[in-house]
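Asks: no FASTA, just this:
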C-alpha cells in the first residue's frame, strides 16, 4: 500500500508551521524594536493583537465556507497566498508612517526610522502606526483564517475517521514547531537586519509552500500516487461511499444558517471559545511576560521560549490517546476523544502555580506554560477531529470556521483585556492575592487560563453527551 496520505499530512504540517511563524513575528519584535520607534505600550500592543483576533474570528466565519466553495486545493492556495502577502506588508508600516507624517515616501527602512524620530507628536505617531499595523494584521488574519478549515478538510479527505486525530495532531504540531522556531530565529534576524526584514523573510516561506502544493495535492481518488489499497484504506468508513445513494447523501450541502441548528456545532464552538484564547495569550504574551517580570530582552528570552515550546511538542500524545481508547477499549471515536480531552483539561490547572512559584526561578513558569501549551495542542487536535466525526465532509470546513470564529472572539477578549490590565496594574501598583504591579495582572490572567478547559469540556458534554453524527 502506498502512503501518500502522509505526504499530504507533511504539507499541512509545514503550512501550519509557516502560519505560526508569521503570527509570532510581531510578538517577538515589538518590545525591543518596534515599541521604541512608535512609542507603544502594552495597551497598544494588546489593541493590535486583540483586533487581529477579532478580524481572524470574523474571517474564520467565512473562510470555512470559502474553502468548501473553492474546494481544498484552491482554497488553501488563496489562504496562504493572502496571509504571506499580509505578513510581508508589516515591514512597510514604518515607511508608510513616515510618509503620512512627514510627506516623504521614497525612503528605506532606516530612513523611515530617522524621519519618525523627528516627529514631536508621539500620540500622532502611535495612532498612525497602530492603524497601519492593524491593517497589515487584517490581511494576515484574512488569509490565516483559511488554514485550519482547509487543513481539516484535507485530513478528512485523506484519512479514515480512526486516524484523523493522530494526523491532525501531527499537522497541528506545526503550530508548536512554528512557535518553537520563532524565538531562536526572529529576534536575531531583527537584530542583524532590522525588524522589517524579519517580516519579509518569514513571510516569503509561504510563497515557497505554494509552489509545492500546486503539484502535490489532488483528491485521493484522482491522485495517481495513491494506489487502490491506500484508497480503500482512506475510504474504509461505513459512510464513505458505499452505493450511489449513500454517496449522494454524503455530498449534500448544509447551509451556513442550518449549521447553527445543531447542538454539535454549538458544542464545538463553545469548546473553541473557552480554550483558543488561552493558547493565543501564551503565544502573544509569553515574550512580554519574560520581559516585564524578569527583565529579559527578546534575544535573552530565546532559550526559555525555545524550551517552553519544545515542551508543547508532547501534544503529539493528543493524537495517540483517543486511538488507544478506540482500538483497545472499544469506544466510538467521539467518546474516545472526549475522554482524552477531559484528561488534557486538568493539566492547564498547573498555571495557577506559575506566578506563585515564579520567584524561585523563571524556569518554573516557563515549564508550566509549556505543559499548559502541550495540553492545549492535544486538546485542539481532538476538538478539531470531533467535527469530522459529526458532520459530512461537505460541511466540515464551514463548521470548523464557525468554531474558529468563536475561538478568535475569545482571543480578542483576552488580548484586549490583558493589555489594559497589565498597564493598569503596573501604573497603579495594584495588589491582588499577594502580588503587586504587573505580576498581579499576570496572576489573574493565568488563573482564568487554568480553569477554562474544564469549563469548556463540561459544557460540550452537556450539549452532546453521546456520539450523534449528523444525518441528512
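Replies: Structure received. It should be emphasised that the depicted structure is a prediction, and the values quoted were computed from it without experimental measurement. Numbering: from 1, shown residues only.
Asks: low-scoring stretches of the chain, by residue?
Replies: Residues of the chain meeting the criterion pLDDT under 70: 238-253, 318-319, 472.
Asks: residues near residue 461, how many?
Replies: 15 (other CB atoms under 10 Å). C-beta: built from backbone N, CA, C; applies to glycine.
Asks: and if you look at the one 3 residues further on?
Replies: Residue 464 is flanked by 21 other residues according to other CB under 10 Å.
Asks: skipping adjacent residues, who's closest to it in space?
Replies: Residue nearest to residue 464 in three dimensions, not counting chain neighbours: residue 267, with 4.5 Å by CB to CB, 6 or more residues apart in numbering.
Asks: which residues touch residue 331?
Replies: Shown in contact with residue 331 (CB atoms under 8 Å, 6 or more residues apart in numbering): 325, 339.
Asks: helix or strand: which one has residue 397?
Replies: Assigned by DSSP states H and E, residue 397 belongs to helix 393-428.
Asks: quick check: next helix or strand after that helix?
Replies: Assigned by DSSP H and E, the successor of helix 393-428 is strand 431-432.
Asks: run through the neighbouring helices and strands of that following strand.
Replies: helix 438-463 (3 or more CB pairs under 8 Å, 6 or more residues apart in numbering; DSSP states H and E).
Asks: who does the helix it packs on touch, helix- and strand-wise?
Replies: helix 263-294, helix 333-346, helix 363-390, helix 393-428, strand 431-432.
Asks: quick one, helices of the stretch 1-150 of the chain?
Replies: 4-29, 35-38, 42-70, 72-89, 93-102, 109-117, 122-144, 147-158 (DSSP state H, counting those that start in this stretch).
Asks: out of those, which comes closest to residue 227?
Replies: Among these, the nearest to residue 227 by CB to CB is helix 4-29 (8.4 Å).
Asks: report the inter-axis angle for the closest one versus helix 72-89.
Replies: 20 degrees (axes from the mean of the first three to the mean of the last three CA atoms, to 10 degrees).
Asks: give the buried residues for helix 4-29.
Replies: Neighbour-count burial for helix 4-29, counted by 16 or more other CB atoms under 10 Å, picks out 4-5, 7-9, 11-29.
Asks: count the residues that sit near the residue nearest to residue 464.
Replies: 23.
Asks: might one say that it is in contact with residue 467?
Replies: No - with contacts counted by CB atoms under 8 Å, residue 267 stays clear of residue 467, the gap being 11.9 Å.
Asks: next, count neighbours for residue 459.
Replies: 16.
Asks: cool, and residue 224?
Replies: Neighbours of residue 224 using other CB under 10 Å come to 7.
Asks: tell me the secondary structure for it?
Replies: coil (DSSP: H, G, I helix; E, B strand; the rest coil).
Asks: make 643 the first number, not 1, from now on.
Replies: That works, and once the first residue is 643, the last one we named lands at residue 866.
Asks: and it, how close does it get to residue 646?
Replies: Going from residue 866 to residue 646 by CB to CB, to the nearest Å gives 10 Å.
Asks: go on, residue 670?
Replies: Residue 670 is 36 Å from residue 646, by CB to CB.
Asks: same thing with residue 779?
Replies: Residue 779 is 36 Å from residue 646, by CB to CB.
Asks: list phi and psi for residue 878.
Replies: phi -70, psi -20 (degrees, to the nearest 10).
Asks: contacts only, for it.
Replies: Here residue 878 is in contact with residue 802 (CB under 8 Å, 6+ apart).
Asks: the closest residue to residue 780 other than its chain neighbours: neighbouring residues, count only.
Replies: Using CB to CB, 6+ apart and skipping residues adjacent in sequence, the residue nearest residue 780 is residue 697, 5.0 Å away. Neighbour count of residue 697, defined by other CB under 10 Å: 22.
Asks: try residue 1074
Replies: That count, for residue 1074 with other CB under 10 Å as the rule, works out to 14.
Asks: following element in sequence after the helix or strand that contains residue 855, please.
Replies: Residue 855 belongs to helix 837-858 when elements are defined using DSSP H and E. Sequence order places helix 870-876 as the next helix or strand after helix 837-858, per DSSP H and E.
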